[in-house]
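1. please work out how this folds:
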Amino acid sequence: MASGSSMSGALGLLILNLLLYFVITAIAAWTINHGIERSRDTAAALTLPVRIFPMYFPVGNMATGFFVIFSLIAGVVGMITSITGAQNMTRMTAPNVYAAAASSLVALSLTLLALGLACKEIRLGRTESNLRTLEVMTVIASVTQLLCTGAIQDEIQRIPVRHNRASGGRA
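-> The predicted structure is shown next:
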């Protein structure tokens, strides 16, 4: 019974993460598009080293470029991880749960990297409301992805118990 509750918890978190990562991807993609369209006008007035710096965005601060790029990567990987993780968790075989755990760890590491850059951007200040929304969504996605990874790891620990019970205690 406990295995079913942690599986349903993991599935619920995977669906929530899918929605969060979709929002993160949409906002990050919009910010990149907006930055590309406005960078020509804004970068012309800057001094030479900043003008040729490829991560400059006319919105936000100097950390915005890195934050937006890594948020987009984390969002896309997180969406794919949530979809494949949900499929793997419904099958509940050992290889499928291990695959879900591995992809969950990859998404968690990318999301935590984006979270670190969000913290840097928050510390530097001067961000617009869209970037603040992206920062908040990144923080929320980091927490939910951490919980989801923990729920999947809990399922991994239950796999040998189920296997031993099914084989009658034989190794």
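2. show me the shaky parts of this structure.
-> Residues of the chain that meet the criterion pLDDT under 70 lie in 1-7, 40-58, 160-171.
3. tell me where it has helices.
-> 2-43, 48-51, 64-91, 94-124, 129-166 (DSSP state H).
4. what's the most buried one of those helices?
-> Highest mean neighbour count of those: helix 64-91, a mean of 21 (counted as mean count of other CB atoms under 10 Å). C-beta: built from backbone N, CA, C; applies to glycine.
5. quick one: it to chain centroid distance?
-> Mean-position distance between helix 64-91 and its chain equals 5 Å (CA atoms, centre = their mean, to the nearest Å).
6. which strands or helices does that helix pack on?
-> With contacts taken as 3 or more CB pairs under 8 Å, 6 or more residues apart in numbering; DSSP states H and E, helix 64-91 sits against helix 2-43, helix 94-124, helix 129-166.
7. and of those helices, who's closest to residue 78?
-> helix 2-43 (3.5 Å; CB to CB).
8. the inter-axis angle of the closest one versus helix 64-91?
-> Using axes from the mean of the first three to the mean of the last three CA atoms, to 10 degrees, the direction of helix 2-43 lies 160 degrees away from that of helix 64-91.
9. can the helices and strands packed on helix 64-91 go into a markdown table with extra columns for distance to residue 64?
-> Compiled in a markdown table, those are given as follows (distance: least, CB to CB, whole Å):
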| stretch | distance to residue 64 |
| --- | --- |
| helix 2-43 | 8 |
| helix 94-124 | 6 |
| helix 129-166 | 6 |
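10. give the contact list for residue 128.
-> Counting by CB atoms under 8 Å, 6 or more residues apart in numbering, residue 128 touches 59-60.
11. and the gap between it and residue 27?
-> Per CB to CB, to the nearest Å, residue 128 is found 11 Å from residue 27.
12. ditto for residue 148
-> 21 Å.
13. for residue 144, same thing?
-> Following CB to CB, the distance that separates residue 144 from residue 27 is 17 Å.
14. one more: residue 111?
-> 14 Å.
15. next one: residue 93
-> Applying CB to CB to residue 93 and residue 27 gives a distance of 36 Å.
16. equivalent analysis for residue 62, please.
-> Applying CB to CB, the value for residue 62 to residue 27 is 19 Å.
17. go on, residue 98?
-> Where residue 27 is concerned, residue 98 sits at a distance of 32 Å (CB to CB).
18. now do the same contact list for residue 111.
-> 74, 78, 138, 141-142, 145.
19. pretty sure residue 72 contacts residue 30?
-> No. Between residue 72 and residue 30 there is no contact under CB atoms under 8 Å: 10.1 Å.
20. joint contacts of the two?
-> Counting by CB under 8 Å, 6+ apart, nothing touches both residue 72 and residue 30.
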